[in-house]
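Asks: let's see this in three dimensions:
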Amino acid sequence: MDSIRRDIRFLKIYSAIMTAVCAMLLLSGFTRPGPQQAFEEIDVERINIVEADGTLRMVISNQQRQHPGIVNGKVIERSGPRPPGMIFFNHLGDEMGGLIFGENGEIGHFGSLTFDKVRNDQTIGFRHLEGDNGAYSTGLEMWQQPNIPGDVMMAQYNAARELSDPAARDSAIRVLIEKGELTTRRLFLGKGRNDAMLLEMRDVQGRPRVRISVAPEGAPLLEFLDESGEVVHRLPEG
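Replies: This is a model prediction of the structure:
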């Protein structure tokens, strides 16, 4: 009988302790998160910025752990590592641009800040590209992106490139451009590798139509071009 009483007493105590523990765990789930943590210095290979529901919004990473990017809900297939930097993601889960940088040769380097069209690639960017010999180009660029997903555009472009006949290949690519289904550059404003300053504006098919330049020695030039690329008016003339 004494043994039974001891067992009952033990079970009561055990039940009371477990009830208290469960109550503490339950209440801790509703408490406010702890205070913000402050760090004077931190070494990290990758940081994922996410919303409260886990939605990815930005990745800050080194080259080895960099996110490959997502377009139209599909992870971009890449043959090699992507440069380090910050990659931005929109509310649809797709990449919408980023800030990247890296090497270009042995001592040359590059930097790029771009923003993308929905479901497609970059529409505006700031770029610096420098070679081993110190020559560099830098400036603002704008692109025309088709109103179709980037993966669809690339599938069409790759199919055209795989045509064995050069004439057929060039014709297929030209058709895509004329239909507005390929990326074309619309504007460049910056410095070229030849040290000339240039403002070049193109039509939606990527054909240069207005070009303003200042040569390294200071000579200014304004040119208007037709759809075939021929200069139809120039200032100063001659």
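Asks: now do the contacts for Gly105.
Replies: 131-132 (C-beta atoms under 8 Å, 6 or more residues apart in numbering). C-beta coordinates here come from the backbone N, C-alpha and C atoms, glycine included.
Asks: measure the spatially most central residue of the chain to Lys74 for me?
Replies: Nearest to the geometric centre of the chain sits Gly97, at 3.1 Å (C-alpha atoms, centre = their mean). Using C-beta to C-beta, to the nearest Å, we find Gly97 at a distance of 17 Å from Lys74.
Asks: ditto for Leu176
Replies: Using C-beta to C-beta, Leu176 is found at 20 Å from Lys74.
Asks: what about these two, which has more around it?
Replies: Ranked by neighbour count (other C-beta atoms under 10 Å), Leu176 and Lys74 place Leu176 first, with 17 against 12.
Asks: and that one, which of the three is it?
Replies: Leu176 carries the three-state label helix when classified by DSSP: H, G, I helix; E, B strand; the rest coil.
Asks: quick thing: my sequence starts at 125, can you match it?
Replies: With the count now opening at 125, the last piece we talked about shows up as Leu300.
Asks: and the residue nearest to it when sequence neighbours are not counted, which of the three is it?
Replies: Spatially, and ignoring its direct neighbours in sequence, Leu300 is nearest to Leu306 (4.6 Å; C-beta to C-beta, 6 or more residues apart in numbering). Assigned with three-state DSSP, Leu306 falls in the coil class.
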